[in-house]
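Undergrad: Build the 3D model from these lines:
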Amino acid sequence: MIFNLQYTDSKSNARAGLITTDHGIIETPIFMPVGTQGTVKAVHFSELKEDIKAEIILGNTYHLYLRPGIDVLEKAGGLHKFNGWDRPILTDSGGFQVFSLSENRKLKEEGAEFRSHIDGSKHLFTPEYVMDIQRSIGADIIMAFDECTPGDAEYDYAKQSLELTERWLDRCLKRFEETEPKYGYSQSLFPIVQGCVYPDLRIRAAENVASKNADGNAIGGLAVGEPTEKMYEMIEVVNEILPKDKPRYLMGVGTPANLLEAIERGVDMFDCIMPTRNGRNGQVFTKEGIMNMRNAKWEYDFSPLEEDGVSVVDSRYSKAYLRHLFKVDEILALQIASIHNLAFYIWLVKEARRHIIEGDFSTWKCSMVKKLQNRL
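TA: Sure thing, here's the model as predicted:
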């Protein structure tokens, strides 16, 4: 993987660059739709490519390990061949999913022992095994196995957790270096900066991660219950240390406004389930703010979903029609809202990139953030 930093905003740390992988080039800043189980919910890949214009999607190690299983993926020739997506893929290590099973997992030095949420069967994820699983899945970018602490974790717990994450990272790196990709193309491993909301822990973690000289680096453990301003503070602390010539990936964040604030602070890559999950629940993100499509105010509004829209569904369907689909529990409603929201998120980061290149990002961002938070 190669990262070329092309432009940096003169009034902030916002950046525009190119990530080159064996499955294609990614323009940054970039938003990556979440395809947890090998698919982005309610969206065809043709729509992801043509309407949404996704350049990279995510898969999740925990879920893919359980279903369809590593044997199936290996026999298919990896996730790209299995699901037919021929552009880059990133896999989360499954750490967040494992640690969210607080009542069904046990943490120890060896790894994380957990019970499947599907059938209760017992499994053990070690750093080495998680590397092996991600080799079998075959994503272009894979993540180190870490512990994600909650945003309100006490300092002593956050410190112990970080120390464990750092020991696990060394084991991930060793296993990664000892093994080879399975399907004829390269893979890159990103370490993850943890440390909760404590600046000294984040500084320590970022310095350790930076020293590994990986192809890129991730920032984890944010948007997990801490105040938003704390999240922004931690991003600033970490990005002062992480190498400028490597992409920075903020995991699991967030709202449209969160994306712009993080871009301003030097983040290059994002993922979040919000555009699809919230879309399936009737929430639509637009350039002028947020719409709840179940509200009565849209019942007689026959205007396009969004004027000067970001995807084909915006001009094809009216607000009144989409509200009707949600009210009658029509499956098409989930698809329309998901396509729009994903297209909107990717439009937003592409606009950010354009304004970084044109040199007026800071001015544009300030006016845009205000609109994005309106409740329409």
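
Undergrad: Need the pLDDT of the most far-flung residue of the chain relative to its centre.
TA: Relative to the C-alpha centroid of the chain, counting by C-alpha atoms, centre = their mean, Tyr300 is the outermost residue, at 36.0 Å. What the model reports as pLDDT for Tyr300 is 98.

Undergrad: Excluding sequence neighbours, find me the nearest residue to it.
TA: For Tyr300, ignoring the flanking residues on the chain, the nearest one in space by C-beta to C-beta, 6 or more residues apart in numbering is Ala320 at 6.1 Å. Bear in mind the C-beta positions are built from the backbone N, C-alpha and C, glycine included.

Undergrad: ok, now which ones touch Asp132?
TA: Going by C-beta atoms under 8 Å, 6 or more residues apart in numbering, Asp132 touches Arg175, Thr179.

Undergrad: What average pLDDT does stretch 101-113 get?
TA: Stretch 101-113 carries an average pLDDT of 86.

Undergrad: From what I see, Lys319 and Arg294 are in contact.
TA: No: applying C-beta atoms under 8 Å as the test, Lys319 and Arg294 come out as separate, 11.3 Å apart.

Undergrad: Give the burial count for Glu27, as a bare number.
TA: Using other C-beta atoms under 10 Å, the number of residues around Glu27 comes to 15.

Undergrad: any idea how far it lies from Asn341?
TA: Glu27 sits 20 Å away from Asn341, going by C-beta to C-beta, to the nearest Å.

Undergrad: repeat for Ala42
TA: 11 Å.

Undergrad: and what of Leu64?
TA: Leu64 is 24 Å from Asn341, where distance means C-beta to C-beta.

Undergrad: do the same with Phe45
TA: 17 Å.

Undergrad: The two - which one has more neighbours?
TA: Neighbours around Phe45 and Asn341, counted as other C-beta under 10 Å, are more numerous at Asn341. The numbers are 26 against 18.

Undergrad: tell me the contacts of the residue nearest the centre of the chain?
TA: Centroid check for the chain by C-alpha atoms, centre = their mean gives Asp271 as the closest residue, at 1.8 Å. Listed by C-beta under 8 Å, 6+ apart, the contact partners of Asp271 are Phe31, Met32, Pro33, Val34, Leu58, Leu90, Tyr249, Met251, Gly252.

Undergrad: follow-up on the earlier one: more neighbours: which of Lys319 and Arg294?
TA: Shown here are Lys319 and Arg294; by other C-beta under 10 Å, Lys319 has more neighbours (22 against 14).

Undergrad: need the contact list for the more buried one.
TA: Contact analysis of Lys319 by C-beta under 8 Å, 6+ apart lists Met291, Met293, Trp298, Asp301, Phe302, Ser303, Pro304, Leu305.

Undergrad: so which helix or strand takes in the residue nearest to Tyr300?
TA: Here Ala320 sits within helix 319-327, counting by DSSP states H and E.

Undergrad: so how far is Ala343 from the residue lying closest to Leu173 once chain neighbours are set aside?
TA: Spatially, and ignoring its direct neighbours in sequence, Leu173 is nearest to Lys212 (6.3 Å; C-beta to C-beta, 6+ apart). Per C-beta to C-beta, Lys212 is found 35 Å from Ala343.

Undergrad: more crowded one of the two?
TA: Counted by other C-beta under 10 Å, Lys212 and Ala343 do not tie: Ala343 has more neighbours, with 26 against 15.

Undergrad: Give the other helices and strands that the lowest-mean-pLDDT helix or strand in the chain contacts.
TA: The helix or strand of the chain with the lowest confidence, counting by mean pLDDT, DSSP states H and E, is helix 95-100 at a mean of 77. Packing contacts for helix 95-100, counted by 3 or more C-beta pairs under 8 Å, 6 or more residues apart in numbering; DSSP states H and E, involve helix 61-66, strand 105-107, strand 112-115.

Undergrad: Could you rerun that using 10 Å?
TA: Here helix 95-100 touches helix 61-66, strand 105-107, strand 112-115, strand 122-125, helix 127-137, helix 155-178, going by 3 or more C-beta pairs under 10 Å, 6 or more residues apart in numbering; DSSP states H and E.

Undergrad: Worst mean pLDDT among these?
TA: Looking at the helices and strands packed on helix 95-100, the bottom one is strand 105-107 with a mean of 86.

Undergrad: Please compute how far that strand lies from its chain's middle.
TA: From the chain centre to the centre of strand 105-107 is a distance of 25 Å (C-alpha atoms, centre = their mean, to the nearest Å).

Undergrad: Show me which positions of that strand end up buried.
TA: Judged by neighbour count using 16 or more other C-beta atoms under 10 Å, the buried positions of strand 105-107 are Arg105.

Undergrad: again with stretch 210-225
TA: Ala210, Ala214, Asp215, Gly216, Asn217, Ala218, Ile219, Gly220, Gly221, Leu222, Ala223, Val224.

Undergrad: Which secondary structure element is home to the third one?
TA: Taking DSSP H and E as the criterion, no element holds Asp215; it sits outside all helices and strands.

Undergrad: Apart from its neighbours in sequence, what residue is nearest it?
TA: Ser188 (3.8 Å).

Undergrad: hey, what's the one you found bridged with?
TA: Beta-bridge partners for Ser188, by DSSP bridges, are Ile141.

Undergrad: ok, now which ones touch it?
TA: Ser188 is in contact with 1-3, 19, 21-22, 90, 139-142, 176, 214-216, 247, counting by C-beta atoms under 10 Å, 6 or more residues apart in numbering.

Undergrad: Could you rerun that using 6 Å?
TA: Met1, Ile141, Asp215 (C-beta atoms under 6 Å, 6 or more residues apart in numbering).
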